[in-house]
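**Q** Have a look; sequence and predicted model below, questions after that.
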Amino acid sequence: MKTVRTYSPAIEAQMQRYYQSLSEKDRRRYAAIEAVKIGHGGISYIHRVLGCVRQSIRLGIAELSDTEAMSEDRQRAAGGVCQPVCVKRGIVTWGTC
């Protein structure tokens, strides 16, 4: 039976501090890299250390193998702009928004 390689408590604390300083996308990818480095049992171990959701780690692993996703510079998807209040309420008049 294989045992999961673990980090020392001091390294785990550093990992947690660093993880908290990252954006959502970078957190997902950092957790994925650490899980892949560990190998068997890595997702569960990183889930426990960093407190992130296992599905997020799996998504990060998928993103790491997707060259198109890795080349994107955006934090969020395009088109996520807030609409003016007059458009939200259905009052569309030219030149007032």
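**A** Arrived safely.
**Q** Need the contact partners of the one helix or strand Leu64 maps to.
**A** For Leu64, the element it lies in under DSSP states H and E is helix 54-65. Contact partners of helix 54-65, identified using C-beta atoms under 8 Å, 6 or more residues apart in numbering, comprise 27-33, 35-36, 43-44, 46-47, 69-70. (Glycine included, C-beta is placed from N, CA and C.)
**Q** likewise stretch 3-12?
**A** By C-beta under 8 Å, 6+ apart, stretch 3-12 touches 15, 38-42, 44-45, 49.
**Q** Restricting to C-alpha, output the helix holding Leu64 in CSV.
**A** This file holds the C-alpha atoms of helix 54-65, laid out as CSV (Å, rounded to 0.1, in the frame of the first residue of the first chain):
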residue,chain,number,x,y,z
ARG,A,54,-11.6,18.7,-4.6
GLN,A,55,-13.5,19.6,-7.7
SER,A,56,-11.6,22.9,-7.9
ILE,A,57,-8.4,20.9,-7.8
ARG,A,58,-9.6,18.6,-10.6
LEU,A,59,-10.6,21.7,-12.7
GLY,A,60,-7.2,23.2,-12.1
ILE,A,61,-5.5,20.0,-13.3
ALA,A,62,-7.6,20.1,-16.5
GLU,A,63,-6.7,23.7,-17.0
LEU,A,64,-3.0,23.0,-16.7
SER,A,65,-3.2,20.6,-19.6
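**Q** Where do the helices of the chain begin and end?
**A** 9-20, 24-38, 42-50, 54-65, 67-71, 85-88 (DSSP state H).
**Q** Dump the ones you listed into CSV; add mean pLDDT and mean neighbour count as well.
**A** What follows is the helices of the chain, written out as CSV (pLDDT from 0 to 100; neighbours: other C-beta atoms under 10 Å):
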stretch, mean pLDDT, mean neighbour count
helix 9-20, 97, 12
helix 24-38, 96, 19
helix 42-50, 96, 19
helix 54-65, 95, 16
helix 67-71, 68, 9
helix 85-88, 58, 10
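**Q** Thank you kindly, that will do.
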